[in-house]
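Chemist: For reference, the sequence and a predicted model appear below.
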Amino acid sequence: MTDFQHPERKILLNPGPATTTDSVKWSQVVPDICPREQEFQQVMADIRTELVKIAGGDAARYAAVLFGGSGTAAMEAAVSSTLPTDGKLMILINGAYGQRLAKIARAYQIDYIEYQVDWGRPIDWSTVKSLLSEDDQITHLAMVHHETTTGILNPLEPFCQVAREFKLVTMVDTISSYAGYPLDLTQTPVDLLMSTSNKCLQGMAGVAFIIASLELLQEIRRYPPRNLYLDLARQFAYQEQTGQTRFTPPVQTIYALRQAIAELNEEGLEQRWQRYASNYRILIEGLERMGFRLLLDDQVEHSRILATIFEPDDPNYNFNRLHDYLYNRGYTIYPGKVSELNTFRLSILGALQAGDINDFLQTLAAAVRDLEIKIVYDNAD
Ligand SMILES: Cc1ncc(COP(=O)(O)O)c(C=O)c1O
């Protein structure tokens with residue numbers, strides 16, 4: 001039987017939903033409450049204020065808007081709500097989540113163009129500029145900050161610079177970087193960020209949120225809605241007027257988010273970034289010692305949150321066998337997402353300490369030994 005009081009600790013090395021603390025898990029056990037009550041509205045108001053702060057946003061310029069849903073709900077709310085009927089979006093793509101932004105634009109028949117580079121390769125800003133100079137219809141620019149497909153980090157500075165030069169509205173998917181990687185809206189004033197409760201915030205899955213400038217949130221009220229549930233303008237207006245979401249929120253998940261934010265504040269934002277960077281380094285050094293090869297080299301700007309690892313060219317290697325061996329010992333690893341390459345992924349996002357990463361590396365070494373895997377590559381130099 002499940003021991004509800006002492007849930008077994010699992011080490012999740014998939015890039016979210018993350019390993020959470022017991023206190024975040026337990027914070028969901030609250031007296032039943034109707035979300036229309038003032039007491040609950042206060043919980044949401046506090047969370048919305050904190051979410052803006054975590055992104056370095058000024059409350060006089062930015063607001064957070066909550067939705068029940070996964071990260072993709074935030075992406076869909078952003079893309080479907082912010083383009084006027086005569087607007088045109090440019091999407092910078094170097095992974096599957098950039099492609100998802102494009103998929104959403106297509107689903108809503110939004111006019112868009114994409115600039116795509118190979119997955120895991122950096123965006124070439126001079127090409128972005130020349131594409132923009134060729135098309136003066138473009139009004140909006142979107143990209144993914146940490147492309148969880150590979151671990152590449154698409155920097156916000158050149159993104160904001162280009163957008164400023166061409167006077168574009170900016171949208172960034174910070175779903176797997178928000179609270180885990182330095183982000184400061186005063187330095188890189190993106191108009192809209194998308195994120196979720198269950199990645200670097202270390203809360204439970206189920207809350208999608210957007211942080212947007214008040215200017216943008218006012219502007220989009222004039223646009224005809226493309227959907228009902230994910231209508232950012234109306235959700236914002238309703239939250240401002242009533243303190244509530246328009247539709248039933250994930251009540252207990254919101255309590256968990258409140259606790260996760262309290263734990264982030266206790267840890268300190270910079271300390272969290274440092275813990276992630278340090279856990280990542282321990283992981284990478286351990287993997288390299290064992291002979292594993294990584295997709296991204298040191299030349300590429302990196303999130304230090306997720307590594308994409310080449311699978312060894314040994315017939316004894318099989319992702320599912322390795323996964324099951326590790327899973328049975330409390331560690332979850334994750335398949336790769338770059339279709340033409342054989343890779344798997346490991347992420348350190350979540351309530352993990354250095355000891356967890358070292359223990360994982362020992363268990364991985366045991367797996368390699370017990371499953372008789374040779375960490376060799378056919379194209380060895
Ligand atoms: C960068 C990024 N964007 C979007 C998503 C989609 O989030 P969800 O699976 O919660 O819908 C993910 C999920 O891993 C992600 O890493």
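Modeler: Arrived safely.
Chemist: Closest residue of the chain to the ligand?
Modeler: At 2.7 Å from the ligand, Gly71 is the closest residue in the chain, using Cβ to the nearest ligand atom. Yep, even glycine has a C-beta here, placed from its N, CA and C like the rest.
Chemist: avg pLDDT for the top helix by length along the chain?
Modeler: Counting residues, the longest helix in the chain under DSSP state H turns out to be helix 269-290. Mean pLDDT, taken over the full extent of helix 269-290, equals 98.
Chemist: pLDDT on the next helix or strand after that helix, on average?
Modeler: Of the helices and strands lying after helix 269-290 in sequence (DSSP states H and E), the nearest is strand 306-310. Confidence over strand 306-310 (mean pLDDT, whole number) is 97.
Chemist: Counting by contacts, list what strand 306-310 packs against.
Modeler: Using 3 or more Cβ pairs under 8 Å, 6 or more residues apart in numbering; DSSP states H and E as the contact criterion, the elements in contact with strand 306-310 are helix 269-290, strand 343-347.
Chemist: One more pass at 10 Å, please.
Modeler: Secondary structure elements in contact with strand 306-310, counted by 3 or more Cβ pairs under 10 Å, 6 or more residues apart in numbering; DSSP states H and E, are strand 152-153, helix 269-290, strand 343-347.
Chemist: Quick check: buried residues in the helix or strand just after the shortest one?
Modeler: Under the assignment DSSP H and E, the closest C-terminal helix or strand after strand 152-153 is helix 156-166. By neighbour count on 16 or more other Cβ atoms under 10 Å, the buried set for helix 156-166 is 156, 158-160, 162-163, 166.
Chemist: about what we covered before: what would the helices and strands packed on strand 306-310 look like in JSON lines with mean neighbour count?
Modeler: As requested, the helices and strands packed on strand 306-310 are exported to JSON lines (neighbours: other Cβ atoms under 10 Å):
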{"stretch": "strand 152-153", "mean neighbour count": "24"}
{"stretch": "helix 269-290", "mean neighbour count": "17"}
{"stretch": "strand 343-347", "mean neighbour count": "24"}
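Chemist: Can you add distance to Gly95 and give those back as TSV?
Modeler: Output for these, formatted as TSV (distance: least, Cβ to Cβ, whole Å):
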stretch	distance to Gly95
strand 152-153	7
helix 269-290	18
strand 343-347	12
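Chemist: Which one, of those, ends up nearest to Glu240?
Modeler: Between Glu240 and the helices and strands packed on strand 306-310, the shortest gap by Cβ to Cβ is with helix 269-290, which sits at 26.1 Å.
Chemist: still on that earlier bit, right, and the residue of the chain closest to the ligand touches Leu101 too?
Modeler: No. Judged on Cβ atoms under 10 Å, Gly71 makes no contact with Leu101 at a distance of 11.6 Å.
Chemist: Residues that sit against both of these two, list them.
Modeler: Each of 173, 194 lies in contact with both Gly71 and Leu101 under the rule Cβ atoms under 10 Å, 6 or more residues apart in numbering.
Chemist: Alongside the ligand, which residues does this protein contribute?
Modeler: Taking Cβ under 6 Å from any ligand atom as the test, the list of the chain residues beside the ligand reads 15-16, 70-72, 75, 97, 144, 148, 173, 175-176, 196.
Chemist: what's the neighbour count on Gln41?
Modeler: Residues within reach of Gln41, counting by other Cβ atoms under 10 Å, total 16.
Chemist: Which parts of the protein are helices?
Modeler: 22-26, 38-54, 71-82, 96-107, 125-134, 156-166, 214-219, 232-242, 251-267, 269-290, 319-327, 354-370.
Chemist: For beta bridges, what are the partners of Val207?
Modeler: With DSSP bridges applied, the residues forming beta bridges to Val207 are Gly68.
Chemist: How about Leu193?
Modeler: Each beta-bridge partner of Leu193 is listed here, defined by DSSP bridges: Val172, Ile211.
Chemist: What residue spans form the domains of this protein?
Modeler: Under automatic domain parsing, the residue ranges defining each domain of the chain are 26-266, 268-370.
Chemist: now those domains as CSV including distance to Gln5?
Modeler: Formatted as CSV, the entries for those read as follows, by distance: least, Cβ to Cβ, whole Å:
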stretch, distance to Gln5
domain 26-266, 9
domain 268-370, 18
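Chemist: Out of those, flag the one nearest Arg9.
Modeler: Comparing the domains of the chain by their distance to Arg9 (Cβ to Cβ), the top pick is domain 268-370, with 7.2 Å.
Chemist: Can you measure across the closest one, start residue to end residue?
Modeler: Terminal residues of domain 268-370 lie 40 Å apart, using Cα to Cα, to the nearest Å.
Chemist: I'd like the distance from it to the chain centre, please.
Modeler: 18 Å (Cα atoms, centre = their mean, to the nearest Å).
Chemist: try stretch 245-265
Modeler: When distances are taken as Cα atoms, centre = their mean, stretch 245-265 is centred 17 Å away from the chain's centroid.
Chemist: average pLDDT for that stretch?
Modeler: Averaging pLDDT along stretch 245-265 yields 98.
Chemist: for stretch 91-105, same thing?
Modeler: For stretch 91-105, the per-residue pLDDT averages 98.
Chemist: residues of that stretch that come out buried?
Modeler: 91-102, 104-105.
Chemist: okay if I get those residues as JSON lines plus distance to Thr82?
Modeler: Written out in JSON lines, the entries for the buried residues of stretch 91-105 read as follows (distance: Cβ to Cβ, whole Å):
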{"residue": "Ile91", "distance to Thr82": "13"}
{"residue": "Leu92", "distance to Thr82": "16"}
{"residue": "Ile93", "distance to Thr82": "18"}
{"residue": "Asn94", "distance to Thr82": "22"}
{"residue": "Gly95", "distance to Thr82": "21"}
{"residue": "Ala96", "distance to Thr82": "22"}
{"residue": "Tyr97", "distance to Thr82": "17"}
{"residue": "Gly98", "distance to Thr82": "17"}
{"residue": "Gln99", "distance to Thr82": "19"}
{"residue": "Arg100", "distance to Thr82": "16"}
{"residue": "Leu101", "distance to Thr82": "12"}
{"residue": "Ala102", "distance to Thr82": "15"}
{"residue": "Ile104", "distance to Thr82": "11"}
{"residue": "Ala105", "distance to Thr82": "11"}
